[in-house]
Every structure is written in structure tokens, then in C-alpha cells.
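J.: Here is a sequence with its predicted model. Questions after.
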Amino acid sequence: MNAASRPDASNPSPIYRSLTSADIATAHEMSLAVSWPHRPEDWQFALDTGTGFVAELNGVVIGTAICWKHGPERASLGLVIVSDAYQGRGIGRKLMQMMLEELGSRVTFLHATPAGQPLYETLGFSVCGMLNQYQGRVTGPNPVALPDGLSLREAQPADVAQLTAMATRATGLERDAMLAQLFKVAAGVVLERDGAIIGFSVFRRFGRGYVIGPVIATEAANDLHAKALIGHWLTGRENEYIRVDVPDALSVGDWLTAQGLPCVDSVVKMVRNAPADAHRGAPDSDLRWYGLISQAMF
């Protein structure tokens, strides 16, 4: 969408247009102003995989928003920021409406801060879950001992189709385009049982350090599979800053805290164009979603 709303001379109002790479520097400054950790490279990756919009006044970007299409039926959105000086003027609502028009009838998800939740509710979003954000400097990871038959190895290009199918099952989101872009900037590891892949995790630079996600694995006692896939990236990274965003109702939290990654925040997950109850809990009965790519891109 390239729609633009022009101000009238007697009552200046923002111009709304597409977000481009030329806006990344300003968007980065705006995110720093609200204490978000994103680097310019993180903004660029978000734009490369999504569709963005900005509000601009007198040639200055004062608002941002990006949405992502996960196939023809699902979507997510985030990175909604409005400069403090322009709060309360309906700019955030307009940017949201532009994204929702872009996404159409797709079942659309977001993670909401307490400040943003009331706006999202007026736009038809309902709470369907929670997300816990674990991050910190690794203190002294305890290697996860794997039983006989289980092994970890580096992900290979030939694995991507299978990993994408697993991620789509575990998240309920079509992951083909997103993972294709993600593996251009990230490393992956797979967990195998007797040669068959039963999980994987991805590791990349983000914000103050690194992020681990997605993390997809079959269930196991004490979440052994997920811990092995996360612990692989923690080993040898004492004092590195690492983040994992974990959907609610999973029990890896205490273990992450013991590795030096305490829970620093919790936010609600919201859905639009579908009943909230239909999207509570795990999308798949066999594969679990232990870590997100990001709170916006899911």
C-alpha cells in the first residue's frame, strides 16, 4: 500500500506513507527513545520480511509500524512507535488501521504492552495468551546431557524445508518466507533422535547481544529437548547478553533463570479476526514452540 494522506495548509497533519530503508536511521532513534534494544540491522531485517508504514510531519518521521504476512491466512504486527511529542493525536490508531487494511481478513496477532493494549482492544483484538521475556548475561551454563540416541548438529541448507514444515506446525503460522530470510542472517542447530530431526533452534545477533529463536522441539520430560537446543548456544558464551522470548505455559523459565537469563517482562498476546479461545494453548499436539523469532515477527 502506498496511500498517502496530505495535510491541509491551515491545519498541518502527518503524511502517511510506506516505510523505506531510508527511514531506518530515524526509526532506530525512535526505538532507542522508548528503550527498545533494536539495532539498525534489526530494523532492516524487520522491513526486509514485512511491510512498513510511517507517519511524517514536516519531513520528519514521527511514527512507525510494520506488519508481516505469514501466508494467506495469518499475520502479525509490531514496531508501533509514536514520538512522545505527538502522542494522543490518533497517529498510532491511523498506523494500525493502515496495517489492518493491508492484512485484510487474515487472523492477526500481536504482543501488547499495557500502554498499547487499550488501543488494540478498540480495534478488535482480544487477549489469547502471554509471553515471557528472558534475557541477561550468561553466568555459567550447565551443559545438557543427552541420552543415547539423541545428538545435536549444525543445520544445513538441505534441512530448511523440513525445519520450515516443523515451525509451521508448531506455530500455526506459515514460515516459508520468514525462515528463508532468517537463515541468511542466522545460524541453526538441529536435534536428532537416531538420525531423525525432532527439533531445532536458531541463533542470531539482535539488540544488546543475541537472541535464540525460533526454538521448536518435541515434548520431553523436563523439557530436555528444548533445553538442549537452547543450551547449545549458551555453552562457551559466559557474560554474553542473550535473549529468549518464551510463550506462556512452558516450564523452561526456571532453567533459563539459572543460566543467567531471568524473566524481565511479560506481555499479553492478542488476536483479531478469530475467537481468542481458538488460539489459546499450543497449535500442535506433538511439536512445541519454546522460543520466538521476535515478539513482533513471532
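T.: Thanks, I have the structure now.
J.: where along this structure do the strands fall?
T.: 15-18, 51-57, 60-70, 74-82, 107-112, 126-137, 150-154, 187-193, 196-206, 209-218, 241-247, 263-272, 287-291 (DSSP state E).
J.: Could you list every helix and strand in contact with the third one?
T.: Contacts of strand 60-70 with other secondary structure elements, assessed using 3 or more CB pairs under 8 Å, 6 or more residues apart in numbering; DSSP states H and E, are made with helix 24-33, helix 40-49, strand 51-57, strand 74-82, helix 91-103. (Each C-beta comes from the backbone N, C-alpha and C, glycine too.)
J.: so it versus strand 107-112, what angle?
T.: If you take axes from the mean of the first three to the mean of the last three CA atoms, to 10 degrees, strand 60-70 sits at 130 degrees to strand 107-112.
J.: in strand 60-70, what counts as buried?
T.: Residues of strand 60-70 classed as buried by neighbour count (16 or more other CB atoms under 10 Å): Val61, Ile62, Gly63, Thr64, Ala65, Ile66, Cys67, Trp68, Lys69, His70.
J.: Is the second one in contact with Arg89, as I believe?
T.: No. Contact criterion CB atoms under 8 Å: Ile62 and Arg89 do not qualify, at 9.3 Å.
J.: out of the buried residues of strand 60-70, what pair is the most spread apart?
T.: Ile62 and His70 (28.6 Å; CB to CB).
J.: among the strands of the chain, which is nearest Gly281?
T.: Nearest to Gly281 among the strands of the chain is strand 126-137 (8.0 Å), distances taken as CB to CB.
J.: can you list contacts of the closest one?
T.: The contact list for strand 126-137, computed with CB atoms under 8 Å, 6 or more residues apart in numbering, reads 109, 111, 117, 239-249, 253, 256-257, 260-272, 275-277, 279-281, 292, 295.
J.: Hmm, Met30 and His38 touching each other?
T.: No. Counting by CB under 8 Å, His38 stays clear of Met30, with 9.8 Å between them.
J.: Could I get the strands of the chain in TSV, plus columns for mean pLDDT and distance to Ile24?
T.: Listed next are the strands of the chain as TSV, based on pLDDT from 0 to 100; distance: least, CB to CB, whole Å:
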stretch	mean pLDDT	distance to Ile24
strand 15-18	98	13
strand 51-57	98	10
strand 60-70	98	10
strand 74-82	97	11
strand 107-112	98	21
strand 126-137	97	23
strand 150-154	97	31
strand 187-193	98	24
strand 196-206	98	15
strand 209-218	98	19
strand 241-247	97	21
strand 263-272	97	24
strand 287-291	96	26
